[in-house]
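K.L.:
Got a predicted structure plus its sequence, pasted below:
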Amino acid sequence: MKRLIALGLIAAVMCAALSSCGAADKNGKTITVRDEMLADEIKVTLKNSENSNSETVTPESKDEEGDEYKDYSLNVDTEKYDRMIITSDGSDSIELVVNEFVNGFDISSYGVKPLGLSRPDYEIKSFKYSKTEKDIYIWTPDDYDKSSKKKYSVIYMTDGQNLFEERATQYGSWGVAESVQNMMLNTENRTIVVGIDDSTSNRDSELTPNIGDIANVSDKSNFDNGTGKYFSDFVVNTVKPYIEKNYNVYTDAAHNAVCGSSSGGIECFYIGMEHPDKFGAIGALSPAFGLYNDSTWVSYLEKKDFSKNQPKIYIYNGGADELEKFLLTGAKSMPDNLKKIGYPEDKVTLKIYDKGMHNEAYWRAVFPEFLKIMFTNKK
């Protein structure tokens, strides 16, 4: 059973562990780097993803140090920099998003993860799905109290089996609980995450919307006549109503989002486009937009009515392996497709990382950027 602890106590304990909640001082936002590999030297390169600005700094060693880790601290101007690379004994980490929602990072044998304090607790519920059942993973923060009137936003995500636990699957974890916990230490944005299992052999079909002829792939058998509409209806008509009935959550679009990667990225984009009145933000990471030609996308999108609701759209893609290179073309062209149908340009964010690969480590690294997009008001 999830521990229900008073918010004040949680904040006090976590803030102490994470350097006063990573509060900004005159020099910037305080970021903690916890090194479980006990490197002899740590350096951090700060970067801006929109220009060539960068600088390399040596973080200060903190008093908190033991046999299992070393703690370092640095101040980051998050108005100037939005990326950082940690160099540990000469080895570089992947590029990590850093913004006002981020408190720090943990370097371990599993790579670099958001700094967290405990293993995330979550519930698993099963719902009828076609001729079988599908598991839903529901994570609520430690301060969540069902008896309270305090409401929470909701992020509905695909591939729920990979969201919370590093060892749950062979692919590792997105670390979404840690990222949301860090966000909650710095803002008033209270959020729960609902992950939908997609670990079956039918994943490609159920996460592919059928909007036209499949293109650009040699073997179309897994994608032709995709059942993405059934999956979308399942999220909107089964999962979402259950969450809204049983949890203290907001029901308006501004406090609800969908997010996923790869096939989950195209499916979440589809869900958001089908239901702009229900989801105010869309995270499409390494999305499989390339399954359809641009003309097919434009034909699909121009039939939608966005006059009243235009979800904020975050698109991320890497470019360092063959799959990311294939997906990159579709990611780059989607903003233009949306522009052609009159979609507001300031509602669409595209981020490309040439060294990014098609795996959870990179999606984990940029997830705080999606959180900032979701909770930033744009006119």
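P.N.:
Received the coordinates, thanks.
K.L.:
what about residue 205, how many neighbours?
P.N.:
When neighbours are counted by other CB atoms under 10 Å, residue 205 registers 20. (C-beta placed from N, C-alpha, C; glycine too.)
K.L.:
would it count as being in a helix?
P.N.:
Yes - secondary structure of residue 205 (DSSP: H, G, I helix; E, B strand; the rest coil): part of a helix.
K.L.:
Double-check it against residue 223; I have them as touching.
P.N.:
Yes - using CB atoms under 8 Å, residue 205 is in contact with residue 223, at 7.0 Å.
K.L.:
Any stretches of the stretch 251-379 of the chain with poor pLDDT?
P.N.:
Residue ranges of the stretch 251-379 of the chain with pLDDT under 70: 378-379.
K.L.:
Now do the helices in it.
P.N.:
For the stretch 251-379 of the chain, the helices defined by DSSP state H, counting those that start in this stretch cover 263-274, 294-301, 322-340, 360-374.
K.L.:
Likewise for the stretch 101-250 of the chain?
P.N.:
According to DSSP H, counting those that start in this stretch, the helices that the stretch 101-250 of the chain contains are 176-186, 203-206, 228-234, 240-246.
K.L.:
The shortest one - what's its average pLDDT?
P.N.:
For helix 203-206, the mean per-residue pLDDT is 94.
K.L.:
Determine how far that helix lies from the middle of the whole chain.
P.N.:
Remark: helix 203-206 is offset 20 Å from the chain centroid, using CA atoms, centre = their mean, to the nearest Å.
K.L.:
Around residue 219, how many other residues sit close by?
P.N.:
A count of nearby residues for residue 219, using other CB under 10 Å, gives 8.
K.L.:
what sits opposite residue 28 in the beta ladder?
P.N.:
The partner list for residue 28 in beta bridges (DSSP bridges) reads residue 25.
K.L.:
Next, count neighbours for it.
P.N.:
17.
K.L.:
my read: it touches residue 78, true?
P.N.:
Yes - if you go by CB under 8 Å, residue 28 and residue 78 touch, sitting 6.8 Å apart.
K.L.:
residues contacting residue 178?
P.N.:
Contacts here follow CB atoms under 8 Å, 6 or more residues apart in numbering; on that basis residue 178 touches 113, 114, 115, 116, 120.
K.L.:
how much space is there between it and residue 200?
P.N.:
Applying CB to CB, to the nearest Å, the value for residue 178 to residue 200 is 27 Å.
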